[in-house]
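In: Below are the sequence and a predicted model for it; my questions follow.
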Amino acid sequence: MPSPPADSPTTVLLRSTVSPRDGDRVAARTRLADALRNLPIPADDALHLAAAVGDASAVRRSLGTDRSRARATAEPFHWDALTHLCFSVLLEAPDRPDRDFVGAARALLEAGADANTGFRDPKAAPERAFRSVLYGAAALARHAALSRLLLEHGADPNDDEVAYHAAEGYENQVLQVIVESGRCSADTLATMLLRKCDWHDVKGVRWLLEHGADATRATRWTPSVLHHALSRDDDLEIIQLLLDHGADPDQAVDGVSAIMAAARAGRGDVLDAMARRGIPLKIAGGDALLAACARGHGPAVRTIADTLPAALDDVHGSAGTVMARFAGNGNSAGLRLLLDLGLPVDSRFVAGFAYYEIAPMSTPLHIASWRGHPAAVRVLLGAGADVRAEDGAGRTPLALAVRACVDSYWTDRRTPESVELLLRAGATTKGIARPCGYDAVDALLAAAGG
């Protein structure tokens, strides 16, 4: 039976079931729900629409007349029914009695649908353009039961897009379904581990390492997950887990070992942990000076600076980046030592760091305020940091400190302390909207006339 024409009401509605690439999926579901109220139960020949709305009974009725339709494509995208099902915006919504996506998918698969079907995204690079149905079910919809069904019918989890995106977030049920299928390659597990480091997910990192992920395996994004975790300022617990599972602190990436990377990031906690493990801290010159600062070893800092002027010159030459990394990691003792060495308190981080939404030309005070480190804010203000400086995006430290409390990934550790310190130092409240959503900060802003 031919599929509905491109301009039919069924086809127009089918288009609206597709989960949007960008934009508000909740709004898309609301619009679709409104349209569905005016549409009767899909006719027996509307297989693709029945799949997209999770109507398992209608899918079975349609396939009962012609099982070969399980692989047939239809307008407007020339997708098969299983692809429409797995990329339906309704799949991401809470389950309802009138929707049975797993039952509909099972009927399609048992009738011959390909568990590795999908479509090519015209906006993606050709080598990474394919979007499998497992990607839709696991990475977009986070639907564990549907993901399991697809895997049971031969879906291939060894797809960079599946591995990369299924590991996002902190709800790991779907990731566990994929790994427990026993069909993940070492590369897929390594990609998932890398992404868990991106998300600072201690539980996810631990679970993957306990289920076969190799802490020493390179990915196409980086040759070292330990370096990647350090570049993401991951918690010490994640670094410890990677070391426990064989990550090599001496491995060099672009000539920089993980030990050197930790020193440059101001990670005294990491260097101390390595030392407790008996790992020799093989560093010299400017890196040795940074390591001493990171660990708060004042006498060692002075000795190196006095005896190795070239090391001090190296640190001064990268002042903007060094101060930014120490501030971002909240190493207040290390910042104090760097300031004692003469590094400018308002050094500009020229490049910025998009991962943490740090704008180009940020000062250490911008970064400490945004990353929620009041002790570092206190040190920088005590050294005369410019409280009214603007970063490359036109934001002040106070604006960033307020936003850190209400619109950041670290609101769980929020405190009004940085806002109070900045206001006492003369920060202007101009341009800062109130209420911000955090009563303690709103009270401070109101008292300051904001």
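Out: Done, it's in. This is a predicted model, so every value here is computed, not measured.
In: From the rest of the structure, what touches stretch 219-233?
Out: Defining contact as C-beta atoms under 8 Å, 6 or more residues apart in numbering, one finds that stretch 219-233 is touched by 160, 187, 190-191, 193-194, 197-198, 200, 215, 217-218, 238-239, 242-243, 247-249, 251, 253, 256, 258, 261-262, 265, 267, 270, 328-329, 355-356. Bear in mind the C-beta positions are built from the backbone N, C-alpha and C, glycine included.
In: and if you look at stretch 131-151?
Out: The contact list for stretch 131-151, computed with C-beta under 8 Å, 6+ apart, reads 19, 82-83, 85-87, 91-92, 101-102, 105-106, 109, 115-121, 155-157, 159, 161-162, 164-166, 168-169, 171, 173-174, 177-178, 181, 183.
In: Check which residues of it are buried.
Out: 131-144, 146-151 (16 or more other C-beta atoms under 10 Å).
In: Now list the buried members of the contacts of stretch 219-233.
Out: Among the contacts of stretch 219-233, those classed as buried by 16+ other C-beta under 10 Å are 160, 187, 190-191, 193-194, 197-198, 200, 215, 217, 238-239, 242-243, 247, 249, 251, 253, 256, 258, 261-262, 265, 267, 270, 328-329, 356.
In: where exactly do the helices run in the stretch 301-450 of the chain?
Out: Assigned by DSSP state H, counting those that start in this stretch, the stretch 301-450 of the chain shows helices spanning 309-317, 319-328, 332-340, 364-370, 374-382, 397-406, 417-424, 439-447.
In: I'd like those laid out as TSV, including mean pLDDT and distance to Leu209.
Out: Output for the helices of the stretch 301-450 of the chain, formatted as TSV (pLDDT from 0 to 100; distance: least, C-beta to C-beta, whole Å):
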stretch	mean pLDDT	distance to Leu209
helix 309-317	97	35
helix 319-328	98	26
helix 332-340	98	29
helix 364-370	98	31
helix 374-382	98	31
helix 397-406	98	31
helix 417-424	98	35
helix 439-447	96	39
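In: would TSV of those with distance to Gly286 be doable?
Out: Compiled in TSV, those are given as follows (distance: least, C-beta to C-beta, whole Å):
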stretch	distance to Gly286
helix 309-317	3
helix 319-328	9
helix 332-340	12
helix 364-370	18
helix 374-382	21
helix 397-406	28
helix 417-424	30
helix 439-447	39
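In: hey, which of those helices is tucked in deepest?
Out: Of these, the one with the most neighbours on average (mean count of other C-beta atoms under 10 Å) is helix 364-370, at a mean of 32.
In: Can you name the residues in contact with it?
Out: Helix 364-370 has contacts (C-beta under 8 Å, 6+ apart) with 323-324, 326-328, 330, 335, 345-347, 349, 356-359, 376-377, 380-381, 385-387, 389, 391, 395-398, 400-401, 403-404, 408, 418, 422.
In: ok so, going back, which among the helices of the stretch 301-450 of the chain is found nearest to Gly285?
Out: Proximity to Gly285 (C-beta to C-beta) singles out helix 309-317 among those, at 4.7 Å.
In: For that closest one, which helices and strands make contact with it?
Out: On a contact count with 3 or more C-beta pairs under 8 Å, 6 or more residues apart in numbering; DSSP states H and E, helix 309-317 meets helix 285-294, helix 298-307.
In: residues in contact with Ile304?
Out: Taking C-beta under 8 Å, 6+ apart as the contact definition, Ile304 lies against 288-289, 292, 311-312.
In: what about it, distance to Pro249?
Out: For Ile304, the distance to Pro249 equals 21 Å [C-beta to C-beta, to the nearest Å].
In: And for Arg277?
Out: 9 Å.
In: Report the set of residues contacting both of these two.
Out: Here Arg277 and Pro249 have Leu243 as joint contacts, going by C-beta under 8 Å, 6+ apart.
In: Could you list which residues are in contact with Ala213?
Out: Ala213 is in contact with 189-190, 192-193, counting by C-beta under 8 Å, 6+ apart.
In: typed the wrong thing, it's Ala300
Out: Ala300 makes contact with Ala292 under the criterion C-beta under 8 Å, 6+ apart.
In: ok so Ala218 is a strand residue?
Out: No. Under DSSP: H, G, I helix; E, B strand; the rest coil, Ala218 falls outside any strand and is assigned coil.
In: What values do phi and psi take at it?
Out: The phi and psi torsions at Ala218 (degrees, to the nearest 10) take the values phi -80, psi 160.
In: Check whether it really touches Thr191, as I assumed.
Out: No. The pair Ala218 / Thr191 is not scored as a contact, 10.6 Å apart, by C-beta atoms under 8 Å.
In: circling back to that earlier point, compare the helices of the stretch 301-450 of the chain and report which one is nearest to Ser57.
Out: Of all the helices of the stretch 301-450 of the chain, helix 397-406 sits nearest to Ser57, with 46.2 Å by C-beta to C-beta.
In: Quick check on the contacts of stretch 131-151: which are buried?
Out: Of those, these count as buried by 16+ other C-beta under 10 Å: 19, 82-83, 85-87, 91-92, 101-102, 105-106, 109, 115-119, 155-157, 159, 161-162, 164-166, 168-169, 174, 177-178.
In: Out of those, name the ones that lie in strands.
Out: Those of the buried ones among the contacts of stretch 131-151 mapping onto strands are 118-119, per DSSP state E.
In: Just the ones in helices from the buried ones among the contacts of stretch 131-151, please.
Out: 82-83, 85-86, 101-102, 105-106, 109, 161-162, 164-166, 174, 177-178 (DSSP state H).
In: Next, work out how far apart the residue lying farthest from the centre of the chain and Ala258 are.
Out: No residue in the chain sits farther from the centre than Thr65, which is 45.7 Å out by C-alpha atoms, centre = their mean. Separation of Thr65 from Ala258 (C-beta to C-beta) stands at 62 Å.
In: And for Leu109?
Out: With C-beta to C-beta as the criterion, Leu109 and Ala258 are 45 Å apart.
In: got it, and Arg195?
Out: Counting by C-beta to C-beta - Arg195 and Ala258 are separated by 19 Å.
In: just Val202 next, same as before
Out: The gap separating Val202 from Ala258 is 18 Å, by C-beta to C-beta.
In: got it, and His211?
Out: Per C-beta to C-beta, His211 is found 24 Å from Ala258.
In: From the buried ones among the contacts of stretch 219-233, which land in strands?
Out: Going by DSSP E, the strands hold 253, 256 from those.
In: Cross-reference the buried ones among the contacts of stretch 219-233 with the helices and report the matches.
Out: Judged by DSSP H, those include 160, 187, 190-191, 193-194, 197-198, 238-239, 242-243, 258, 261-262, 270, 328 as members of helices.
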